[in-house]
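>>> Need a 3D model of the following:
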Amino acid sequence: MENNIQENKKPLVLAVEDDVFIASVHQKKLAKEGFEVVLAVNGKEAIEFVQKRKPDIILLDLIMPIKDGFETLKELKADPNSKDIKVIILSNLSQEEDRQRVLEMGAVDYVVKADVSFREIIEVIKKYLK
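Reported below is the predicted structural model:
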């Protein structure tokens, strides 16, 4: 019997994105899909949030001020309390070496923002929440 996530509570998505416009689009579209969404504008805010409340999944940009996505991912995966949280990298860096690096660091997927529609991002999130 398949377990339906929506049965109990809305899945909590932490979207870490320094571009205010993109972040607000994430928030609106994900909320419309039935997710609870929290925004962080940099890695420092993301780490602080995760220490208080554990999201089901994290959408993480790589290029951000204060603490970038690489450093944030490294910290998340080094902490026993957050190492199991699924992290999807959403970035416009399309270098294969960046992709390989974050997957080796523990991200579950790497999506180049410019290459996909928001519908596709939603499908990727749902795939990892099953």
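
>>> what sits against residue 118?
Shown in contact with residue 118 (C-beta atoms under 8 Å, 6 or more residues apart in numbering): 25, 29. In short, each C-beta sits where N, CA and C put it, glycine included.

>>> Could you tell me how far it is located from residue 25?
7 Å (C-beta to C-beta, to the nearest Å).

>>> all helices of the chain, in order?
Under the criterion DSSP state H, the chain contains helices at 5-8, 20-32, 43-52, 69-78, 96-105, 118-129.

>>> Go through the ones you listed and pick out the most buried.
helix 69-78 (a mean of 19; mean count of other C-beta atoms under 10 Å).

>>> Just want the angle from it to helix 43-52.
Here the directions of helix 69-78 and helix 43-52 differ by 20 degrees (axes from the mean of the first three to the mean of the last three C-alpha atoms, to 10 degrees).

>>> Can you list the neighbours in contact with helix 69-78?
Residues contacting helix 69-78 (C-beta under 8 Å, 6+ apart): 16, 43, 46-47, 50, 58, 60-64, 67, 82-83, 85, 87, 89, 91, 101-102, 105-107.
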